[in-house]
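> Need the 3D shape of this:
(one chain, ligands or ions: 1)
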Amino acid sequence: MLLLQFSTSHYCRKVRLALGYKKIPYQVKNLTPGLHLLKLRSLTGLTTVPVLLPQKMGEPQVVADSTQISQYLETYQKDPPLMLTDTTEQNQALLLEDWLDESIGTATRFIYYNFRAGKGKSIDDSLFSQMLINIVRRQYNITPATVKLASKRLNNAINVLSYWRYRPYLVGEQLSIADLAASALLSPLGLIPEYRRNYSWLFNKIIEIHKICGEKLPAGLS
Ligand SMILES: N[C@@H](CCC(=O)N[C@@H](CS)C(=O)NCC(=O)O)C(=O)O
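I've put the predicted structure just below:
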């Protein structure tokens, strides 16, 4: 299996957590932002990573999008399962996954890049890094107004998820795709001192899930 990724992408982290949880061997190829368009458009018709190339006879040649990839991995190797047997619980997990992917992962991106261009600039103030950060900020329209909305959305989301603090899993009695999505898509906040201070319980959960999946801890949490 080959995972095409950006090393810093939280959506790619979600897929690595799933691969790690299932102990499926894989290799990664880090694409260069910008040049990724040339490769991905012809391969998937999309412009985003993660993209998985199963590289095995009888398997699809390419699977794009973190949700599609995690569903594919469940058919590729059922055990240990990421899908819950109870239909109502599984639907809840899928809803949480979709909300985390489509709304919360985007808000995290706004807060993360805003931090890297401002208070967190010293993490890497090289011309190349700051240029990439500025391209991303323009691409996603990351402005003071959109960052403010993203911050409110994130605080609300973390409050919604706060019951996780007292339970091992977000849904049901076993690890599900909802736990992996939350751990991956909120992980970039671990670099931001304000979030680490206010939501230490969340980062403890994120660390715990990374350990279960054998995935390297995100920046700020190692
Ligand atoms: N819904 C997609 C989102 C993936 C996504 O937004 N990936 C970003 C990196 S974090 C990307 O590839 N952006 C490059 C682009 O849009 O050209 C998924 O779950 O895979």
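
> Quick check: mean pLDDT of stretch 208-222?
The average pLDDT within stretch 208-222 is 96.

> in it, what counts as buried?
Residues of stretch 208-222 classed as buried: Ile209, His210, Ile212, Cys213, Glu215, Pro218, Gly220, Leu221 (neighbour count, 16 or more other Cβ atoms under 10 Å). Backbone N, C-alpha and C define where each C-beta goes, glycine included.

> Quick check: the two most widely separated of those?
Ile212 and Gly220 (19.4 Å; Cβ to Cβ).

> Which of the buried residues of stretch 208-222 fall in helices?
Cross-referencing these against helices under DSSP state H gives Ile209, His210, Ile212, Cys213.

> Show the contacting residues for the last one.
Contacts here follow Cβ atoms under 8 Å, 6 or more residues apart in numbering; on that basis Cys213 touches Arg16, Leu17, Ala18, Gly20, Tyr21, Leu180.

> mind checking the SS state of Glu59?
Secondary structure for Glu59, judged by DSSP: H, G, I helix; E, B strand; the rest coil, is coil.

> Likewise for Leu4?
Secondary structure, three-state DSSP: Leu4 is strand.

> Please renumber the chain so that the first residue is 35 from this point on.
Yep, numbering from 35; the last one is Leu38 now.

> I'd like to know how far it sits from Val96.
Distance, Leu38 to Val96, using Cβ to Cβ, to the nearest Å: 9 Å.

> so what sits against both of these two?
With Cβ under 8 Å, 6+ apart, Leu38 and Val96 have common neighbours Val85, Leu86, Leu87.

> Let's see if you can find the most crowded of the residues you listed.
Leu86 (28 neighbours; other Cβ atoms under 10 Å).

> so which helix or strand takes in that residue?
Assigned by DSSP states H and E, Leu86 belongs to strand 85-87.

> quick check: mean pLDDT across that strand?
98.

> What does the pLDDT read for Gly68?
Looking at Gly68, the pLDDT reads 87.

> and the closest residue to Leu87 other than its chain neighbours, how far is that from Ser43?
In space, not counting the residues next to it along the chain, Leu87 is nearest to Leu36; the distance is 4.4 Å by Cβ to Cβ, 6 or more residues apart in numbering. From Leu36 over to Ser43 the distance is 16 Å, taken as Cβ to Cβ.

> out of the two, which sits in the more crowded spot?
The residue with more neighbours, out of Leu36 and Ser43, is Ser43; 22 against 14, by other Cβ under 10 Å.

> residue contacts, the closest residue to the more buried one other than its chain neighbours?
In this structure, Ser43 finds its nearest non-sequential neighbour in Val83, 5.8 Å apart by Cβ to Cβ, 6+ apart. Counting by Cβ under 8 Å, 6+ apart, Val83 touches Leu38, Gln39, Phe40, Ser43, Tyr45, Cys46, Leu65, His70, Leu74.

> for the third one, what are its contacts?
Going by Cβ under 8 Å, 6+ apart, Phe40 touches Cys46, Asn64, Leu65, Pro67, His70, Val83.

> Just give me the closest of those residues to the ligand.
Within these, proximity to the ligand (Cβ to the nearest ligand atom) peaks at Val83, which comes in at 4.3 Å.

> Most neighbours among the contacts of Phe40, which one?
Val83 (26 neighbours).
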